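# okay, here's the prediction I keep looking at, along with the sequence it came from:
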Amino acid sequence: MNTGNVIDTIYSNLNTMTQNDKKIAQVILKNPGEAVNYTISELAAKAAVSEASVSRFCKNLQLAGFHQLKIELAKVSGEESSYYKSVNIDNIQQALANIKDNKNAEITNTLSSITTTTIKKIMKLIKDSRVVQIAAEGNTFPVVEDAAYRFNQIGILAICSESWQTSIGQTLNLTKNDLLLVISNSGESKSLLAQINIAQKQGMKVIAITNRSDSPIALKADYHLRTAVRQRVLQSEYYFSRIAAMTVIETIFLLLIAEDRERLGKIMDHETLISETKI
């Protein structure tokens, strides 16, 4: 099973599940506290699938079987961050409260999966690198721009390009003294995988931020940080929340400042320079 709790694992795999697996997932995600008490036949009936489909669902999550699924659900069924709260436009204030809870859950579950050993190694790589290149695709690119802005503010040279062709060109000019940071929701982007291959041929280390620990990009990277999602737009679909990925970037940024308070001076110098452009 992916690093993290079973609810995180289900969310991270939801977009690539079979139709039967999605049906089972929706029953569980609707109320993990109730699902933990179901028998395999009850879960199958509520999802309108066969018991064999439930068994396959468990195996697809890399669980030993239905019994292990119940054990994993029992661990998190009492945690509010395990639940997705639906957003109903008919009650704006309740919708706002539910969005807040969903976003808090994303942040909580993302940060709780980060180990001290991994984050310390990642911080050292970022500090020791001559250049940190940051890459992503599509609607994830604003996270990349934010990361580049923040790292440069504290004296860490970071580069990025929204054009993949330009980004690849940058990678070809980097060396083993540099670092590639890749951000991807699915962790399955062919172009980013190609870029990782080029970076590793150049002798560069690679850090990946994805929503799945078992994704090709996560497995290919030297270090991986997993994001958690608690947002859906349809009954059985979700979209990539930038909140979780930005939380990872901001966490690294704040830890680097906490480690070396002189970096605050660099931020102040930068802010002083750009303040001249403000009214």
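Sure thing, it's come through.
# low-confidence stretches in this structure?
Within the chain, the set of residues satisfying pLDDT under 70 comprises 1-4, 78-86, 230-241, 278-279.
# what ranges do the strands span in it?
In chain order, the chain shows strands spanning 132-135, 158-159, 179-184, 205-210, 223-226, 232-234, 237-238, with DSSP state E as the criterion.
# can you redo those as JSON lines with mean neighbour count and distance to K30?
Every residue, glycine included, has its C-beta placed from N, CA and C. Compiled in JSON lines, those are given as follows (neighbours: other CB atoms under 10 Å; distance: least, CB to CB, whole Å):
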{"stretch": "strand 132-135", "mean neighbour count": "26", "distance to K30": "36"}
{"stretch": "strand 158-159", "mean neighbour count": "20", "distance to K30": "41"}
{"stretch": "strand 179-184", "mean neighbour count": "28", "distance to K30": "28"}
{"stretch": "strand 205-210", "mean neighbour count": "25", "distance to K30": "26"}
{"stretch": "strand 223-226", "mean neighbour count": "23", "distance to K30": "23"}
{"stretch": "strand 232-234", "mean neighbour count": "11", "distance to K30": "11"}
{"stretch": "strand 237-238", "mean neighbour count": "14", "distance to K30": "14"}
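# let me have the ones you listed in CSV, extended by distance to D269.
Listed next are these as CSV, based on distance: least, CB to CB, whole Å:
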stretch, distance to D269
strand 132-135, 20
strand 158-159, 17
strand 179-184, 24
strand 205-210, 27
strand 223-226, 29
strand 232-234, 42
strand 237-238, 41
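# any idea how many residues pack against F66?
F66 is flanked by 19 other residues according to other CB atoms under 10 Å.
# contact partners for the nearest residue to it once chain neighbours are set aside?
Taking CB to CB, 6 or more residues apart in numbering, and ignoring the residues beside it in sequence, F66 has I40 as its nearest neighbour in space, at 4.7 Å. Counting by CB atoms under 8 Å, 6 or more residues apart in numbering, I40 makes contact with E51, V54, S55, F66.
# show me this protein divided up by domain.
For the chain, automatic domain parsing gives the domain ranges 6-79, 115-275.
# in JSON lines, list those domains along with distance to I92.
Shown next, in JSON lines, are those (distance: least, CB to CB, whole Å):
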{"stretch": "domain 6-79", "distance to I92": "23"}
{"stretch": "domain 115-275", "distance to I92": "17"}
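# among the strands of the chain, which comes closest to K22?
Each of the strands of the chain was scored for nearness to K22 using CB to CB, and the closest is strand 237-238 (8.7 Å).
# tell me which of the strands of the chain sits nearest to S77.
The closest approach between S77 and any of those, judged by CB to CB, belongs to strand 232-234 at 19.3 Å.
# mind listing what A48 touches?
If you count contacts by CB under 8 Å, 6+ apart, then A48 has K23 around it.
# can you tell me how far it is from E262?
The span separating A48 from E262 equals 61 Å under the rule CB to CB, to the nearest Å.
# do E106 as well
32 Å.
# who has more neighbours out of the two?
When E106 and E262 are compared for neighbours, E106 comes out ahead with 24 against 9, by other CB under 10 Å.
# okay but the more buried one is in contact with I243, surely?
Yes - E106 is in contact with I243 according to CB atoms under 8 Å; the separation is 5.3 Å.
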